[in-house]
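Participant: sequence? don't have it. structure:
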């Protein structure tokens, strides 16, 4: 990983998940615990984390991410456009559903 992740600045409820993914080779790009910053504007109301991957490895990376996080997490992989696909950019998005 090129840069050091500022773990202390992350939402406390997602910090350990981000560290787990980074320690296992994922490059995380966005995260939140769904409760720490309600006044910040548009936020997801559930714990989530996103990571960069490539179109060629996104399915395997999503499966590896799901195995690391466990069954209470929903993990998806996608790329936004053909241009991004040809550039080798894709995303993994993991979210944890809150109990109702």
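Facilitator: Sure thing, it's come through. Not measured: the values here are computed from a predicted model.
Participant: Determine the number of other residues adjacent to residue 92.
Facilitator: Using other Cβ atoms under 10 Å, residue 92 has 27 neighbouring residues. C-beta: built from backbone N, CA, C; applies to glycine.
Participant: so it makes contact with residue 75?
Facilitator: Yes. Between residue 92 and residue 75 there is a contact under Cβ atoms under 8 Å: 6.4 Å.
Participant: what's the distance between residue 75 and residue 45?
Facilitator: Separation of residue 75 from residue 45 (Cβ to Cβ, to the nearest Å) stands at 18 Å.
Participant: Between these two, tell me which one has more neighbours.
Facilitator: Counted by other Cβ under 10 Å, residue 75 and residue 45 do not tie: residue 75 has more neighbours, with 19 against 10.
Participant: So what does that one look like in phi/psi?
Facilitator: With angles defined as degrees, to the nearest 10, residue 75 sits at phi -120, psi 130.
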